[in-house]
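Visitor: here are the coordinates; sequence isn't available:
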């Protein structure tokens, strides 16, 4: 990274871009592919060693980034295509070839629009656990039905509790096979705002994008695999100034705590949350 200016981003792809292209990072592997028909670029970043994790500032694991330039547009057909593509990767991460118990957690504050992605997405999910417990699989007329439950734990300012405490308590009671967490992220580049979806099997640290670090939600802290889904909805104002001037001395101190989001974020979050929930619903469809 240039000088001592610290780029704030939750995207593993952008963390890697902070280094020169010809810089070899041991323990970090990158694969890229492009779906020309859907105009979706997929980048897979694998962090395989502790040294790689330290260099990237991310936990070890696999980070899959889908860049879809038209994702911020109100094009339902295109959003459907992104959902289908996303569902393909989710099936692999969730191992849906077997019947699973899946807890989906929507992180964030529903009252703050750029942070409402998780709660909104959970609100659109097909929840099945309670129906299966009451009536069995026959209620869905399918041979295989995943037991899906949802949780919106809120934020500490609303509950007085760490998100980890709430999720761990629910997980201990319901015993899911895997936990999916959905959260809004911070990007380093404005061109990736609301146009990028990151999947990861390394879990997530709620609030990290805005510098409000909380305890991580991961296999280590929850005892079961954790799959994280995130979309960058904000960018650090200091980063925008730095990109425009190239001079960190011109960045006012107060800008380091300020985040910028597009003016149409209300409609965009609604659309993105539905795209993610639709992908999850597709990935967890019962087999007839």
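Guide: Noted; the coordinates are in hand. Here the structure is a predicted model, which is why all the values come from computation and not from measurement.
Visitor: In the stretch 1-150 of the chain, what residue spans correspond to strands?
Guide: 28-35, 40-47, 61-67, 101-106, 147-151 (DSSP state E, counting those that start in this stretch).
Visitor: between these, which gets nearest to residue 115?
Guide: Closest of the strands of the stretch 1-150 of the chain to residue 115 is strand 101-106, at 10.6 Å (criterion: Cβ to Cβ). No exception for glycine: its C-beta is placed from N, CA and C like everyone else's.
Visitor: now, of the strands of the stretch 1-150 of the chain, which is deepest in the fold?
Guide: strand 101-106 (a mean of 24; mean count of other Cβ atoms under 10 Å).
Visitor: gap between that one and the chain center?
Guide: 13 Å (Cα atoms, centre = their mean, to the nearest Å).
Visitor: mind listing what's buried in stretch 127-142?
Guide: Within stretch 127-142, the residues that count as buried by 16 or more other Cβ atoms under 10 Å are 128-129, 131-132, 137, 140.
Visitor: what's the span of it, first residue to last?
Guide: End-to-end distance of stretch 127-142 (Cα to Cα, to the nearest Å): 15 Å.
Visitor: Let me know the average pLDDT across it.
Guide: Across stretch 127-142, the average pLDDT comes to 87.
Visitor: Same check on stretch 251-267?
Guide: 84.
Visitor: Need the distance between the two termini of it.
Guide: Terminal residues of stretch 251-267 lie 31 Å apart, using Cα to Cα.
Visitor: Show me which residues of that stretch are buried.
Guide: Under 16+ other Cβ under 10 Å, the buried positions of stretch 251-267 are 251, 255, 259, 261-262, 265.
Visitor: Between the strands of the stretch 1-150 of the chain, which one is closest to residue 159.
Guide: strand 147-151 (12.1 Å).
Visitor: about what we covered before: of the buried residues of stretch 251-267, just say which sits nearest to residue 72.
Guide: residue 262 (7.4 Å).
Visitor: okay if I get the strands of the stretch 1-150 of the chain as JSON lines plus distance to residue 124 and mean pLDDT?
Guide: JSON lines is the format used below for the strands of the stretch 1-150 of the chain (distance: least, Cβ to Cβ, whole Å; pLDDT from 0 to 100):
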{"stretch": "strand 28-35", "distance to residue 124": "24", "mean pLDDT": "93"}
{"stretch": "strand 40-47", "distance to residue 124": "21", "mean pLDDT": "95"}
{"stretch": "strand 61-67", "distance to residue 124": "19", "mean pLDDT": "95"}
{"stretch": "strand 101-106", "distance to residue 124": "10", "mean pLDDT": "97"}
{"stretch": "strand 147-151", "distance to residue 124": "10", "mean pLDDT": "97"}
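Visitor: Ok, which of those strands comes nearest residue 166?
Guide: With distances scored as Cβ to Cβ, the stretch of these nearest to residue 166 is strand 147-151 (7.5 Å).
Visitor: Go through the buried residues of stretch 127-142 and flag which are in helices.
Guide: Under the assignment DSSP state H, these contribute 129, 131-132 to helices.
Visitor: Could you dump these into CSV and include distance to residue 87?
Guide: As requested, these are arranged in CSV below (distance: Cβ to Cβ, whole Å):
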residue, distance to residue 87
129, 20
131, 22
132, 21
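Visitor: Give the bridge partners for the closest residue to residue 93 other than its chain neighbours, please.
Guide: Excluding its sequence neighbours, the residue lying closest to residue 93 (Cβ to Cβ, 6 or more residues apart in numbering) is residue 227, at 4.9 Å. Note on residue 227: beta-bridge partners residue 180, judged by DSSP bridges.
Visitor: Residue 181 is in contact with residue 227, correct?
Guide: Yes. Using Cβ atoms under 8 Å, residue 227 makes contact with residue 181 at a distance of 7.4 Å.
Visitor: Give me the more crowded residue out of those two.
Guide: Neighbour count, other Cβ atoms under 10 Å: between residue 227 and residue 181, residue 181 has more, with 26 against 21.
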